[in-house]
Each structure stands twice: as structure tokens, then as C-alpha cells.
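Peer 1: I would like to see how this sequence folds:
(chains A, B, C and D)
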Number of protein chains: 4
Amino acid sequence: MLTIHDKTFSSRLFTGTGKFSSPELMQQAISASGSELVTVAMKRVRDNERADPTLAALSELNITLLPNTSGARNAQEAVYAAQVGRALLDTNWVKLEIHPDQRYLLPDPTETLRAAEQLVADGFIVLPYCSADPVLCKRLEEAGCPAVMPLGAPIGSNQGLLTAPFLDIIVEQASVPVIVDAGIGKPSEAMAAMEMGVDAVLVNSAIASAQAPVVMAQAFAQAVATGRAAFEAGLGSVTQKANSSSPLTGFLDAL
Amino acid sequence: MLTIHDKTFSSRLFTGTGKFSSPELMQQAISASGSELVTVAMKRVRDNERADPTLAALSELNITLLPNTSGARNAQEAVYAAQVGRALLDTNWVKLEIHPDQRYLLPDPTETLRAAEQLVADGFIVLPYCSADPVLCKRLEEAGCPAVMPLGAPIGSNQGLLTAPFLDIIVEQASVPVIVDAGIGKPSEAMAAMEMGVDAVLVNSAIASAQAPVVMAQAFAQAVATGRAAFEAGLGSVTQKANSSSPLTGFLDAL
Amino acid sequence: MLTIHDKTFSSRLFTGTGKFSSPELMQQAISASGSELVTVAMKRVRDNERADPTLAALSELNITLLPNTSGARNAQEAVYAAQVGRALLDTNWVKLEIHPDQRYLLPDPTETLRAAEQLVADGFIVLPYCSADPVLCKRLEEAGCPAVMPLGAPIGSNQGLLTAPFLDIIVEQASVPVIVDAGIGKPSEAMAAMEMGVDAVLVNSAIASAQAPVVMAQAFAQAVATGRAAFEAGLGSVTQKANSSSPLTGFLDAL
Amino acid sequence: MLTIHDKTFSSRLFTGTGKFSSPELMQQAISASGSELVTVAMKRVRDNERADPTLAALSELNITLLPNTSGARNAQEAVYAAQVGRALLDTNWVKLEIHPDQRYLLPDPTETLRAAEQLVADGFIVLPYCSADPVLCKRLEEAGCPAVMPLGAPIGSNQGLLTAPFLDIIVEQASVPVIVDAGIGKPSEAMAAMEMGVDAVLVNSAIASAQAPVVMAQAFAQAVATGRAAFEAGLGSVTQKANSSSPLTGFLDAL
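Peer 2: Residues are numbered from 1 along each chain as shown, chains lettered A, B, ... in the order given. As a prediction, this is how the structure comes out:
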């Protein structure tokens, strides 16, 4: 079981709502994923006022909605978006995303920390999307974030765990859950993250843009659960030389 | 379902019997793995005559035993070992392993092909352990092997899929099942191999030398099944740039 | 020729002064490197008052000294260290380093940006050591830094270009010179950075702790110059398939 | 100096003659590379009878021509091609290449070994292009080849040292010079191979298809010479943690 602030999750796979070809498919894929925390863009939240079909579909699932500030280019915009989310969705949880550059959608470290400090002071439960920067993650933790969400690769790129050596350091140093967010493109990459000891992963594009999103959602669910089990079971060490798994001695020498 | 020659397997995880701390633990781990094809060294087969506890433990499982020629340094020794295995275990299946060098246990390509030709002519069903060499795999297939077993990394090294670019070519060119054998150290690596389209993996050391072999065996079973499902579901493509999973347009511009 | 602010450098290899076994060896290695910009820790600068042999050895070389703030744990300490350096070495150039964690010596992004802003306002020419974070690099550039110094891997680790995918983005987006600082352990890694289009590299440990520092300094000098030449000459593209370099058609078909 | 059989080479960069846009450019690039051993396809050798401009251009350089059997699909064709080369070029040196598959041009291990044995028996000095298979390299060496030429990646793919972990083993075990042939796309990759301890590299496509082949040839020449120097100078070791290159203690604690 994973605990973030005052919520407990039995699934360590978090998902998103973007890029699905229809609300129905989104609903089915999220349901198949077993995800209990699902992030949704403020844009959709506002559409709620006009009965957004995405939100309608989500409301039928037994999940916690996590409004995100996607589209915010600085701390001010992010704080405003978080407040809109709180008002409309009646939750003080927020996934903080600030990405001034539209080409790679990489997060802004200083604006993210600034916004996190303001939002925590304003009573928000802040889950920040951030670079895989161990010092920044520590600063966000010190600012009161109950988890950190370092990236594996640019959003939606499916490039996997490009930042693995730094994720290792973040896991080693963090006192709060570490959630790998962005870049994971294959179930094996989600599993590899879990084997490294991260606490959860967030996957959206790799499910939504798969040829069979529902099957892929199940695959990610299994991958994450299995990766956690493997981490807890204790993986063997890597060696440079071979290490015989069959008894070699003696038998054939009698020839 | 995977078919090799005239046998059908519902599990795509094959296992071995070496390195377990006790026959009981081996039995439990193999059972937990769901593996239906388990390789066993000739050395143990001969011990059978003296009621080897490993073979006794294996006989209680519903599995196919696959004698291997581990320890053979050339084709002649391998052929002899295969014949011993056939006589004692009453099976014409054999996992062909020829590794003259004891440090890295890497297979000998020409002796392996030579032994495969002889054994096929002698009525054996030959599954050859070999380099991740696409041309060699094609030659072994032409020699009558009903599957090929290219390596990921040196036996027992847990280094994973060092040969991935060449496994991709082997998968593309093979007309028989491709089984990645040796080097897989983590469930995520087994899953990654399955996502690439290989037909099965053989894992021994990574299970046997885990801190909790039974849990690890289950993790590998899940990883292999899930990796296959993800392959069949169709993975998304990798891009260099970000690819927004949340709607970015408009919302915040009104600020 | 590389220009940073108002200085022009014919060598794109910058070096440091730490870890050499003697001031004489340091002097010889730096001379052999051809480096025209050499960073020196404030600690040594203060020792200057007591005739530090390192500084004495450096003063005999035709180089620009770049005081660094190594050891600073926050912006305040870094600013103080920079001021000490300016007073003692009579230069307003400073390499800004803030690393609160002693285990990995990774830079603090927000404190680095804060210190950069203060130092620029105070008339310093600030070269900031930073994460390979494209947004942070852009912010440092906007703050008035005439170059950015993203890391390849933790200082002194010799792990190479772990951050390569992000360095590519930084190079693409930067309007100021990009200098890869920290982590480079082999001349081939320095060359690979130059082939990617970075403007310069800073190497210290890999030279100072080589078995033959003077020869290694020359090797890095050649690697950097050659990597730049290769970048300017235009590298060929990478393909997944083979691409024959010999004429295959016809000849042997006549057999 | 590198010695292969009875010839000594001051340059460890070998080159090829394919893909250049003109014989003049080829001549200039090879001259700039400093290469003393240049491989040429039999196809061109036969054209010699009709005054092939490539051969004419090569004859003006102070180099050793190394006929290759490119295009041969089996041992028989390769032996024939080698004999043609010997007759026309008056040399018993041959680069043995057998690649039955036209898509990836990967070498055939067993046919290569068979042809090597025949050609050695027939008095040839055989340099075999082969997989990065340590056991095969040992067999080729035992067959009398005075050097082995394992591949880095498919010919002309510019993918670099995909086989690095196996090249390390080959270098460790070989008693003859190891020449990395095929796949090297950047000077830094040639340098990295030399830093690993290989004795020479063969580069063709990366020079011939560069935008500026003559400059690129010089870059490869420098890269190879520098990589060898770095190898001989003794590279530092890689660590997981940081390793301070500046003195951190004390200075700032007085603040």
C-alpha cells in the first residue's frame, strides 16, 4: 500500500485522461488500469460547467481526481489554475505542472518550487512534476510536497527512463514517495522504474495512444505490481563475468 | 500459446534448475513460475542413477524436462551428453550448449552448428543456445532446429539485453520461435524482450539467486505474460519531442 | 574561436586545478592541455595570502583564472565566495557552484539562479554549473549569464554523458555557449560532447587522476579540437539497416 | 606501431574505398586519413583491367591495398574472390567478408571460419570480418588469421559500438590484433574503441558520406591516434558517487 499525505492507494499506477479517442475508451482503459488516482487538466475542469463528457465518464469510476495545471507557463498561472481546480472539483490536491516551452514541455524548476511554496501555504496538497534533479526534489520535499514527480523523458515521447541514474539518487535521498511521471512508453519501463524502488509511476500517452488501450492499461497495471514485487523480493546483483547456472565440473571429463 | 515442434506451451517462461539453495526451494520456485519447460544439466541426470534429489523434486511437477549439454566444450562432447540425456530421461529434446571458455561461458558458433546438424540427423529436437548472431540463427534454423536460443548477456551475469539490436534482427528474420537465453537479471528485462517480439525467455540465475526465489519466480511469470500482451496490444512509437497529453490551448491565455 | 562575454578562446577545453599530486604536475598538465581558462577553488585563492604553490604554478601559465565557489551550500555563501575571489584575484569572472549535498555534489537549481541574478547585478561575469535542465539553462541565460555549464554526470565520477538527451535540447535552445562541466571521464566522451555541438567542455578529475596526467591532458586537447572539427564537417546520419560501402552487384553472380 | 603478420603500420586507422562521390575525393580523403591499409572490393579489382579510376587514384598513394571479398555469400565464393584479388593485385593479403543477407550485411560465422581455414592453407594472410563473438574470434585466430575484425554495428549504419561489452571480452582474450570493422559513425566512437584497447579500426562510410570527407578523415585520424594515447596513458576509474575535484573543507564554514 502506498500512502501520500492522507490517502492510501493499493495501485501504484497513476494515469491521465489525455489523448484517448473517446470518453468511453478512456473510461474503460482507466478502469482496466486499476488506477485510483487520475490526473485531469484544468481545461477539462472548466468544461465541466458545460457537462464535459470526459468528466462525466470519470465520475462513474471509483477514483480520486487530481487536477493538474498543465498549460501554465509560470508560478502565477499555475496557482490560478490550481485555485480553479479546487473550486470546481472540490479537492485541495493538485498536480503542479509548469512548462514554459511548448516543444519539449519540460518543467521550470524555480517557478515550480515557487508555486509549490505558495500552494502549500494556501492549503493545497501539491504533487509537483519536475526534472529528475535530486536537489530540486529535496527542495520540493522541504517545501511541504508530500511526493515528488520527476520525469523519465519528455512528456508523451515514450523514450523511457532517460534519467535513470538520477532517479536512483532521488530514490536514495527522498523521504517522500517518488512518482516517475512522463516519458514511460512501455510496460517494461514502468516495471524497471518500480524495480529501482520508485513508489509509483504515472502513465498516460503510452496507454491512450496504444493500438489497444484497454489491453495496454492492464499490461501497465501488471507491470507496476510485478515490478514492485520484484523490488521487494530483492533482485540479484550484476556481474561482468558469467556465473554458471549448471554444474560444470567433472561429468564430461571422463570422456 | 507457443508451439515448438510438437509441444505447446501456455507459459512463455522457461526455467532452469541450477543455483537453488535446496531442491525444495527449486521445486517451489519452478512451480510458482508456471514454467512448463525446465532445463536440467546432464550431470544431474547421471546422478539420477543415485536418486538425485533435484530430479526427484522435478518429477513431482507437471513439466517437460529439457536435458542440456552444459559443460560440453565441443560438438563431440555435446553429442555424447545429449545421448546420455536421451537414454536416461527418455526424451529426444535437448538444449544444446557448447562453451569452451569457462570465464564467460559463451557459446561456440561453429561447434554448435555442427552438433546441431548431427543431433537433428540422429532424431533429436535441438534447442541451441547461441550468440545473438542473426546469420548463425538462420543457419541453425536451416539445420532443423525448431527454435533458437540467442543470449542476452553472459550466463548468470544478470546484465540484461546487451544484444538487443541484434535480437531485433533475429526476431525479424526468424521463421522459428526465438527464445532469449542467458543474461536476463530482472523481470523488466524479460518483459522488454517479450515487448520486442521474442517468443519466450529462459531464466535461471535471476530466480535462483534472488533473495526470495518464489516471489521472484512469480514476478518473472507475470513479466513474461504481460510483456507478451503488450507486444500483441501494439506499443506506441517513440518521439524525440514532447507530445502533450493534456489540452494546452487557450485556457490560461485569458489570465 | 569561442567567445564568452569579452574573451576569446582558441582552445575549447577548460580545466581545473584539483586532485593533482603536485603543483608541478598540475602546471605541466594544464600547459599540455592548451587550456586558456582554468578554474580554481576559493580555498586556494585564500591560501594565496600565504603563497599557495598552486597559484604560484598557475601564475606562470598564460591562462585566465576562473575562481569557483566550490563548497558553497547556498546563494549567500556563493556570493560571498565570489566576492572573495574578485578581491583576491582581481577578476570579475566566476564559476558559480552551489552543491548542498556532499555525496553527489549536484548543483542546487534555485539557489544557483538566485546567486546568478545577484552576482550579475553586482557586475560579475557568471558561468554557472547547473543540472542539464533546459529550462534552467534558459533562465540562467535570461539572468545574464554569458554561458551555461550543464553537467554530464556527478563531479569526478567519470561516468560520461549520462545527460546526453537533455544536452541535445540545451544546445538546440541556447543563445549562449554551452560548456559541459563534470562527469567527463574519457577523451572520447569529451569528443562526443563536441560532436553534439556543445561549445566547450571542462575536464579536471579525468586528467588529474589519470596515470599519466600530461599525456591525458594532450589527449583531451586533441579530442576536443577533433570533436569540434567533426561537428563542423557534418556527421553522417545513423540508419537501422546496413548500408553497403562496397559494390555488391554483379561480380560474383557469374560464378 | 601496430604489426600484423609481417607489416608494420604507424596509423591505426584503416579505411575503405566505397561511397565516395569521386575518385579524386576518395584519394584526398584517404591521404588525409593517414591510413596505410586500404580495403578495396574485388569488383573494383576486376575493373582494373579496364583501368578503373578508383584503382588509379589509389596507386598514387603510399598505401597497402587490401582486397576484400565483399559480395561473397559463402566460403566458396569468398575463396574464389580472394584468388582473383591475389592474381590481379599481386598480394596474398585479403579481407574476408561473407554476408549472405543483403539487408544487414552481417557476416556468416561458420562460412567465414571455413573460408579462413582454406585461405590460410592456400598461403593467404587472412583478415576476417566477423561478429563480435569472442569464441569465433578465438577460432579464427587458431585458424591462423593474424588479426580479427569484429563488427561494432551493421556495415554503413553509423550506429557505433553496439557490441562494446563483447569487444571488451575479445580484447581481453585475443592474442592477435583486434580491429573494429563496421558501424563506426563518429570519430568519438573510433576513439572510444581505441580507449577500450582495440588495436585498430576500419572506417569507410562515416568518412565517405560525411559532408566534408577530407576534414572528417583528418578527424578520424586524430581520434584514433588520441584514443590510443589515452589508452596507453591509463584512464581513471568510474565511480557512482561524486568525487570532489575542488577542496571543500573548511573555507566557508567561517561564514
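Peer 1: tell me which residues of stretch A:21-29 are tucked away?
Peer 2: A:Pro23, A:Met26, A:Gln27, A:Gln28, A:Ala29 (16 or more other Cβ atoms under 10 Å in any protein chain shown). Using the backbone N, CA and C atoms, a C-beta is placed for each residue, glycine as well.
Peer 1: then it to PDB, C-alphas only?
Peer 2: Listed next in PDB are the C-alpha coordinates belonging to stretch A:21-29 (Å, rounded to 0.1, in the frame of the first residue of the first chain):
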ATOM      1  CA  SER A  21     -10.000   8.700 -28.900                       C
ATOM      2  CA  SER A  22     -13.300   8.800 -26.900                       C
ATOM      3  CA  PRO A  23     -14.500   9.300 -23.400                       C
ATOM      4  CA  GLU A  24     -15.800   5.700 -23.400                       C
ATOM      5  CA  LEU A  25     -12.400   4.300 -24.300                       C
ATOM      6  CA  MET A  26     -10.800   6.400 -21.600                       C
ATOM      7  CA  GLN A  27     -13.200   5.100 -19.000                       C
ATOM      8  CA  GLN A  28     -12.600   1.500 -20.000                       C
ATOM      9  CA  ALA A  29      -8.800   1.900 -20.100                       C
END
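Peer 1: pLDDT of that stretch, averaged?
Peer 2: Averaged across stretch A:21-29, pLDDT comes to 92.
Peer 1: So that stretch, near chain B or not?
Peer 2: No: Stretch A:21-29 stays clear of chain B (Cβ under 8 Å from any Cβ of the partner chain), getting no nearer than 11.0 Å.
Peer 1: from the chain's centre, how far out does that stretch sit?
Peer 2: 19 Å (Cα atoms, centre = their mean, to the nearest Å).
Peer 1: again with stretch A:196-206
Peer 2: 4 Å.
Peer 1: Now do the SS call for A:Ser70.
Peer 2: coil (DSSP: H, G, I helix; E, B strand; the rest coil).
Peer 1: From the buried residues of stretch A:21-29, which land in helices?
Peer 2: The helices, defined by DSSP state H, take in A:Pro23, A:Met26, A:Gln27, A:Gln28, A:Ala29 from those.
Peer 1: Nearest to chain D among these?
Peer 2: A:Ala29 (35.4 Å; Cβ to the nearest Cβ).
Peer 1: In this structure the closest one contacts A:Ser209, no?
Peer 2: No: with contact defined as Cβ atoms under 8 Å, A:Ala29 does not count as touching A:Ser209 (10.9 Å).
Peer 1: Just want the residue of the stretch 1-150 of chain A that's nearest chain D.
Peer 2: For the stretch 1-150 of chain A, Cβ to the nearest Cβ, closest residue to chain D: A:Pro134, 11.1 Å.
Peer 1: Just the pLDDT at the closest residue to that residue other than its chain neighbours, thanks.
Peer 2: Nearest in space to A:Pro134, with sequence neighbours left out and distances taken as Cβ to Cβ, 6 or more residues apart in numbering or on different chains, is A:Ile169 at 4.5 Å. Note for A:Ile169: predicted pLDDT of 95.
Peer 1: and if you look at the one 10 residues further on?
Peer 2: Per-residue pLDDT puts A:Ile179 at 98.
Peer 1: Tell me what it is bridged to.
Peer 2: Taking DSSP bridges as the rule, A:Ile179 bridges to A:Ala200.
Peer 1: Can you report how many residues lie near it?
Peer 2: By other Cβ atoms under 10 Å in any protein chain shown, the residues close to A:Ile179 number 24.
Peer 1: With A:Leu136 instead?
Peer 2: For A:Leu136, using other Cβ under 10 Å, the count is 28.
Peer 1: Show the contacting residues for it.
Peer 2: A:Pro109, A:Thr112, A:Leu113, A:Cys130, C:Asp108, C:Pro109, C:Thr110, C:Ser131 (Cβ atoms under 8 Å, 6 or more residues apart in numbering or on different chains).
Peer 1: tell me which of those is nearest to B:Arg228?
Peer 2: For those, the minimum distance to B:Arg228 (Cβ to Cβ) is 34.3 Å, reached by A:Cys130.
Peer 1: wait, that closest one sits on A:Gly152?
Peer 2: No: counting by Cβ under 8 Å, A:Cys130 does not reach A:Gly152; the two are 12.0 Å apart.
Peer 1: All the strands of chain A, residue numbers only.
Peer 2: Taking DSSP state E, the strands of chain A run over residues A:2-4, A:7-9, A:13-16, A:37-41, A:64-68, A:93-96, A:125-130, A:149-150, A:179-181, A:200-203.
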